[in-house]
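K.L.:
the following block contains a protein sequence and its predicted model.
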Amino acid sequence: MTWSLNEVTALARKAGRGAGQSWGLAEETGRVVNWLAARGVIAPTLLGRLLLRQDGLELTALAPRIESDDWVNDGWLCPIIAGATLSDRAATIGQQIVFHNLAQPLLIAPATASVALVRGAVLGLDWDGGGFVTDGRDLWLRGQKDHVDVARLTFDAVPQGAPLACTARVPVDAETTAILNTFAGRTYAPATEESRRAGAGGADAD
């Protein structure tokens, strides 16, 4: 099944909120999925894997602790939280950042693109066996992993080959749909006895 960009963005935003994200971070989650999906990346699947991994964890524990050029914490880094931090520091970051224990590294690509636009540069994120390059608009991808021990972000990267083709729709498999809907469902208010009676009354009136 394929979904429109608006559909996957709305579901990603709601799933992020259901996973315990603040409204602002949930908006960022929707933006991340939209940006990647528009470039042909099956971003909803990556998000589903991330939310399953962080379910039940305190999100502040997944934020980066910045030690010079090294971004670390005592566990693993959430790419959406790290990406939001990266975007906020777009104008001031140095020429290299090393992310340690970064989950779903491709989800940090939209934030990297934001930095590229602000700085007028081409940025690359490399890890063992893969990486990506972006000039802020296009994305060149060479491999994806669910988790990388070390990922290096550098300026003046050189793209190889053609960028990913843009698209207006993205495939979303049944398993991913179920995962994201489960998280999204947590945002719904539970039915009360009063609402159930009102619903029943409305049905009788018809």
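P.N.:
Here it is on my side, so go on.
K.L.:
just for the protein, where's the confidence low?
P.N.:
Low-confidence segments of the chain (pLDDT under 70): 189-206.
K.L.:
all the strands of the protein, in order from the start?
P.N.:
Remark: strands assigned in the chain by DSSP state E are 2-4, 65-67, 70-72, 96-103, 123-127, 130-134, 139-141, 147-155, 169-171.
K.L.:
I'd like to know which elements the fourth one is packed against.
P.N.:
Going back to what we said before, that points to strand 96-103. helix 43-54, strand 70-72, helix 79-88, strand 147-155 (3 or more C-beta pairs under 8 Å, 6 or more residues apart in numbering; DSSP states H and E). For the C-beta atoms, the positions are set from N, CA and C on the backbone; glycine is no exception.
K.L.:
put together CSV for those, with distance to N101 and mean neighbour count on each row.
P.N.:
Shown next, in CSV, are those (distance: least, C-beta to C-beta, whole Å; neighbours: other C-beta atoms under 10 Å):
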stretch, distance to N101, mean neighbour count
helix 43-54, 12, 22
strand 70-72, 7, 18
helix 79-88, 11, 22
strand 147-155, 6, 18
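K.L.:
looking at the ones you listed, spot the one closest to A165.
P.N.:
For A165, the closest of the helices and strands packed on strand 96-103 is helix 43-54, at 14.9 Å, according to C-beta to C-beta.
K.L.:
isn't F155 right next to V122, touching?
P.N.:
Yes - here F155 reaches V122: they are 7.5 Å apart, a contact under C-beta atoms under 8 Å.
K.L.:
before we move on, back to that, now the strands of the chain as JSON lines including distance to A82?
P.N.:
What follows is those, written out as JSON lines (distance: least, C-beta to C-beta, whole Å):
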{"stretch": "strand 2-4", "distance to A82": "26"}
{"stretch": "strand 65-67", "distance to A82": "10"}
{"stretch": "strand 70-72", "distance to A82": "6"}
{"stretch": "strand 96-103", "distance to A82": "7"}
{"stretch": "strand 123-127", "distance to A82": "11"}
{"stretch": "strand 130-134", "distance to A82": "15"}
{"stretch": "strand 139-141", "distance to A82": "18"}
{"stretch": "strand 147-155", "distance to A82": "10"}
{"stretch": "strand 169-171", "distance to A82": "23"}
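K.L.:
quick one: closest of those to G20.
P.N.:
The nearest among the strands of the chain, by C-beta to C-beta, is strand 96-103 at 15.7 Å.
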